[in-house]
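Undergrad: Predicted structure and sequence below. I'll ask about it afterward.
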Amino acid sequence: MELTINHTRKTFAVLPENLEALMAMELPGKKKGIAVALNNRIVPLSAWAETILNDKDSVLIITAAQGG
């Protein structure tokens, strides 16, 4: 099974159950300051747990950075 995460292909023996599980793997302990798009559609944090991932999906993760 394969996902494209931030334009990089990543192979999984078994895909994470949902977007929330993927985010726990990719950015453990972080939920604030993150925007996620699945197949070019923004997914709000409140929908991560109910957003099922499929083989060949594309996920874009954007994190906020401090600075000025």
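TA: Perfect, thanks for sending it. Numbering: from 1, shown residues only.
Undergrad: give me the number of residues near T51?
TA: By other Cβ atoms under 10 Å, the residues close to T51 number 17. (C-beta placed from N, C-alpha, C; glycine too.)
Undergrad: burial of L19, as a residue count?
TA: Number of residues near L19 (other Cβ under 10 Å) recorded here: 21.
Undergrad: Would you enumerate the residues in contact with it?
TA: Neighbour list for L19: 36, 38, 43, 47-49, 51-53, 59 [criterion: Cβ atoms under 8 Å, 6 or more residues apart in numbering].
Undergrad: Let me see the ranges of the strands in the chain.
TA: 2-5, 8-11, 34-38, 41-43, 58-63 (DSSP state E).
Undergrad: Can I get the ones you listed in CSV including mean neighbour count and distance to P28?
TA: Listed next are the strands of the chain as CSV, based on neighbours: other Cβ atoms under 10 Å; distance: least, Cβ to Cβ, whole Å:
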stretch, mean neighbour count, distance to P28
strand 2-5, 16, 15
strand 8-11, 10, 16
strand 34-38, 17, 12
strand 41-43, 13, 18
strand 58-63, 15, 13
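Undergrad: Let's have those in CSV, adding mean pLDDT and distance to E26.
TA: Listed next are these as CSV, based on pLDDT from 0 to 100; distance: least, Cβ to Cβ, whole Å:
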stretch, mean pLDDT, distance to E26
strand 2-5, 97, 7
strand 8-11, 97, 9
strand 34-38, 96, 10
strand 41-43, 97, 14
strand 58-63, 96, 6
